[in-house]
Structures are given as C-alpha cells and as structure tokens.
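In: Fold the following.
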Amino acid sequence: MTIFHILGPVEARDPAGAVLELGARKPVTVLATLLLHPNAWVRVDRLIESTWHEQAVPASAEANLKTYICRLRRLLPSAIESRPGAYRLLVAPGELDADRVADLAAAARTALAEGAPHRAIALYTEALSAWRGRPFEDLPGAEFQSAADRLEEIRRDLRESLAEAQLAAGEARAAISGLRALTADEPLREAAWTQLVRALHAAGRRAEALATYHQARRVLAEELGVDPGPALAEAHQQALATPATSHPRRELPRDIPGFTGRTAELTALAGSTPGQTIVLDGMTGAGKTALAVHAAHRLAARYPDGQFFLDLRAHAEAPPLTPADALARLLRGLGHTAIPADADERAALWRSELSGRRVLLVLDDAADEDQLRPLLPGASASLTLVTTRTRDWRLPGETRYPLNPLSPTESATLFHTATGRPLTSLTTALTACGGNPGALHTVATQLAIRPQWTAADLADWLASAQLAPGLTGSYRRLSAGARSAFHALAALPPEFDARQAGQQLGLSHPDTRRLLEELTDHHLLEAPAPNRFQTHPLVRAHARAARPLSSTRVA
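Out: Next up, the predicted model:
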C-alpha cells in the first residue's frame, strides 16, 4: 500500500516505507493537486493552472503535463486513471495521512466519551505525530494555502482535544505544557486560554491560573478589542471562588466487566447534557446501579472536576442516609473540614461549590425526593444520575428511565457470557430469573464456584434458592397493609385483575386499589394495563417463601 503525505512536504512512500523519488517541483505539484481531490476527476486545465502558478503557461504545457503523469504512473502503478481532459488519483482508505488523522481523531473522541481518557491521549498523540511541517509545504497557490490553513486548524483542535483528554485522565501537568505552547503559538485562541486556566487550577496552581486569565484578557483586548467569552470567564470564576485541588475525587466503583444489554438506555445516557438530573428506577436486581456506574465511566471524561458516588440506601435495620449526613460526606470529598452544623447551610455550600465545577454525581438507591432535593446541584454544569427502587415521586426537570426485565435474548447472552454454558442448559435458570440481571448473576456465580453441577443440580438448587434477597429492603418500606397484601397476592396467578385481588384480600375496591398501587410504586407489582397487574417470578417466589401461616385475608 502506498502512503501519501500532505501534512508537511508532499511525498509518497512505497509499501516498504521507502520515499519515492518524485523528481522536480512540477511533478510534485501535479501529485499534490490530485491529492487535494482524492478519487475525484481533476480537469487538465486545473492541473496546468496549479503547476504553472504565477508563471507564463508554455504552449507545451499539456504535453509536459502528460510527461509528469507518465513519471508518476511509473512510480504509482494503477493509481492514476485518465479520461479525455481529466485525471484522478485512486487513494484507498488509510493511504492518505490526513484521512488517517481524521480516523484517529474520531476514535479518540469516542474513547473520551466512553470514559477512556488514556486511550484518547494515545490516539490524539498518534494523530498529531503525523505532522511533519506545514501541510503542502513550499507549494504556492491559493488552493494549497487554503487547504493548509484548514489542516492547521485541525491540528490546533487536536492539541486542545489532547489537553482535554489529559485533564480527564488527571494529567494536568502534561496538559499545561501543551496548552502553554499552543497559547504561545496562537495567542488569540481563546479556547486554549480557557483550558490552560482550568488546567492550572486543577493542578493546584491557583495564582498562576488567575494570572493566566488576566494575560489572556489583556491579549484579547489589545489584539481584538473584545472581553473574555463566557467559557473563559467561567474558568476565571472557578479559580477565583473555589479551593484548588490537584486531585479531584474519582469515586466511581469498578465498572462491570462484560456489561450486557440496556443498549437503548446507554444510548440515551450518552446523549445526556450538563445540568441534567437522570433517574433510573426498577425492581431490586434490575441492574440500576450497574447501569449507572457503567454509564458514569463512559461519561466521566466530560466531568473532569470529579466523580462522586454516594450510597443512600438503608442497611439492615438502619434508616436511609439523611440529607445532612450525605452533604457532610460530599463536602468532605471537596476538601472541607469545617462542615456547617445546619443542614440548610450544608446544602447551600454544596450548591455553591458545584456552581463553578463540572462534576458527575451518582446517587444510588434513593428513597424519595425529600432525601434527594438537598443534594442536587443548583445552576451547574454537573450531571446527576439517581437510582431508585420506588416510582411514586418525581424531581423537577428530571429525565426518568424505568428499567424493565431483560429480554430472553439479552438474558441468555448475559448468562452465557458469565458462565460459558451452552444456551440449552440455561432454560430453567432463565425462567426462574425472569430477565432480572441481579438474579442471573447470582445463578452464574453458583455455576462458577460449582462447575461440576449439571442442569438437574441447578434445577434442584433453584427450587429453594433466594435469588433476590434485596426484595427484603423493598418489603420493609411497605405499610403494614401492603405487606399483608404482598403475601396474600402470591396465591393468585402471575397476572390478575383488581377484582380478583379484592376477592383474595377481602377488601373494598378503593382499599384494594390503594394497596395495589403501593405495591406497584415499589416495583413489587407491574401494571401492564388498566386494572391488570403482574407479579415477577422472583417477587412471587419471595412472597410465597415468606408467606405467613395465618389467614391471607387483609384486615
């Protein structure tokens, strides 16, 4: 494969990497003109105009052009095609250095969006290494100069993007070095100044960050007669108002290896924007935390000022984490040691701290909106991901994604990935788990530690196994009447209507509906249609296993 280089002096290399001897400037100019339009037909008159730029075109120009094309064809067999009045150069994917740079940059952006800043750094660095000087170096003409300017702008964008990836990876010192060079080369590039102020502040060099802002402001005023834009002004305010730290919090739990399913939800989360509050709700074991953590790892690079993870759930008989205690934990994470005693003051300080930061906040297993409201950022460029197993509350402006059970195909894929067992041996487990990822992982763990088990052994174990112990937490949050109804309804078929439920419970229709709605709010029932209810296999098994021996009638 021939490699064509335009990011510097124009040259071509053979498959072994040797530079091809193109000859004098005019054959090089012909090749460069064809490379400006790879795989496209270029008219003869255009080639002549480029080749004899600012020179008197000789009468023999067309004949001379044919000579140059013949020379290039000897060096590049089958690469140059002709038709009456035009030529074109065939360039395969990966043969032009500028195209290769575009592919590397796209892959780097994807890596950064998926929370892999170190991979993004490697890709951006490789892309930048393709430059060997100014594109189309030493070739005159407006067309070459315009193309060179465009490619140089891409190079500057790549340098900024590399710094962004370095900041996301916690490599502030490397980002500072690159950004200082970029602002020296391009002093009117405000985005580079903005990143440099942010990088210096992230490195704990607050005084330098403030001095850099004033330097940028002076340059913009003297050269362009303008004030700093909103992004640079925000970086200045952040450096001015918030304590600098060289070690932003990175609290996300380990990502889930081989994460499976939830494609639609992941796509939606990838399109989230700063300032959003996103709520994931679903029954115990639906994979809410796994999805939130997996998505947070993919989004982390967009929030370089920290990623916080806070478990709000109640453990054993302990109550859920109070907002005041949660705020104290979060403020300590920002470096505060003197925590206000008043809960409202803590909330105000937390909002103030986040006003100038880009933080990713994961609040896991929230009980209700009262627990959450004090923890939410105010006017901020931060993103908040919330998980909950209840759905009877809403936050202002939230975006909510209910997590339904996985499809049979997704369940089989998850289980097969985790166990390596052929799909034919998983039928019993798939049925028992009902598409619940937590239960599927529980079964997969049993098979991993007992590889000698047969399908019959697995079926015996499933008959008495507790696949969703977390349902106990949802059960504890129920009222006394709903707890009794939870057990009583286990005697009904998997799908039933409100009339059947009322007969089983011995209650009036309004009282029956009240209890059914409470169970539905806690994901212990599903309501696929008006007055129709379903119980998940795991919920039904849990209710029957713990079913009281006394009458199932609810008083």
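In: Quick check, residue 296 in contact with residue 251.
Out: No. Judged on C-beta atoms under 8 Å, residue 296 makes no contact with residue 251 at a distance of 9.8 Å. In this view, the C-beta of every residue, glycine as well, is placed from N, C-alpha and C.
In: more crowded one of those two?
Out: Neighbour count, other C-beta atoms under 10 Å: between residue 296 and residue 251, residue 296 has more, with 24 against 15.
In: need the contact list for the more buried one.
Out: Listed by C-beta atoms under 8 Å, 6 or more residues apart in numbering, the contact set of residue 296 reads 115, 252, 307, 309, 360, 362, 385.
In: Which ones among those residues lie within strands?
Out: Judged by DSSP state E, the subset of the contacts of residue 296 located in strands is 307, 309, 360, 362, 385.
In: Number of residues surrounding the third one?
Out: A count of nearby residues for residue 360, using other C-beta under 10 Å, gives 29.
In: Now it. Nearest residue, chain neighbours left out?
Out: residue 303 (3.9 Å; C-beta to C-beta, 6 or more residues apart in numbering).
In: separation between the residue of the chain most remote from its centre and residue 258?
Out: Within the chain, the residue lying farthest from the chain centre (C-alpha atoms, centre = their mean) is residue 59, at 60.7 Å. Distance, residue 59 to residue 258, using C-beta to C-beta, to the nearest Å: 71 Å.
In: burial of the residue nearest to residue 360, as a residue count?
Out: Residue 303, neighbours per other C-beta under 10 Å, totals 22.
In: what sits against it?
Out: Residue 303 neighbours (C-beta under 8 Å, 6+ apart): 274, 358, 359, 360, 382, 383.
In: which of those residues are buried?
Out: Among these, those buried by neighbour count (16 or more other C-beta atoms under 10 Å) are 358, 359, 360, 382, 383.
In: wouldn't residue 386 be in contact with residue 277 here?
Out: Yes. In this structure, residue 386 is within contact of residue 277 by C-beta under 8 Å, at 6.7 Å.
In: Run through this structure and note the low-pLDDT ranges.
Out: Applying pLDDT under 70 to the chain flags the ranges 54, 241-247, 314-319, 421-426, 546-555.
In: if you set the cut-off to 50 instead, what comes out?
Out: 244, 316, 549-555 (pLDDT under 50).
In: Give me the distance between the helix ranked longest in it and the centre of its chain.
Out: Criterion DSSP state H: the longest helix present in the chain is helix 142-168. With C-alpha atoms, centre = their mean, to the nearest Å as the basis, helix 142-168 stands 24 Å off its chain's centre.
In: circling back: looking at residue 386 and residue 277 now, which is surrounded by more residues?
Out: residue 386 (25 against 21).
In: Okay, and the beta partners of the more buried one?
Out: residue 279, residue 363 (DSSP bridges).
In: Contact partners for it?
Out: Per C-beta under 8 Å, 6+ apart, neighbours of residue 386: 277, 278, 279, 280, 363, 366, 372, 395, 398.
In: now the residues you listed in CSV, with distance to residue 143?
Out: What follows is the contacts of residue 386, written out as CSV (distance: C-beta to C-beta, whole Å):
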residue, distance to residue 143
277, 50
278, 48
279, 54
280, 53
363, 56
366, 60
372, 59
395, 56
398, 53
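In: which among those gets closest to residue 150?
Out: For these, the closest approach to residue 150 (C-beta to C-beta) belongs to residue 278, at 37.9 Å.
In: how many neighbours does the closest one have?
Out: 20.
In: how much space between residue 308 and residue 53?
Out: From residue 308 to residue 53 the distance is 59 Å (C-beta to C-beta).
In: Tell me which of the two has more neighbours.
Out: Taking other C-beta under 10 Å, residue 308 and residue 53 do not tie; residue 308 has more neighbours (24 against 15).
In: That one contacts residue 249, doesn't it?
Out: Yes. In this structure residue 308 lies within contact range of residue 249 using C-beta under 8 Å: 5.9 Å.
In: Need the overlap of contacts for these two.
Out: residue 333.
In: those strands in the stretch 51-200 of the chain, which residues are they?
Out: For the stretch 51-200 of the chain, the strands defined by DSSP state E, counting those that start in this stretch cover 80-83, 86-89.
In: can I get these in JSON lines with mean neighbour count and distance to residue 510?
Out: Formatted as JSON lines, those follow (neighbours: other C-beta atoms under 10 Å; distance: least, C-beta to C-beta, whole Å):
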{"stretch": "strand 80-83", "mean neighbour count": "13", "distance to residue 510": "81"}
{"stretch": "strand 86-89", "mean neighbour count": "19", "distance to residue 510": "79"}
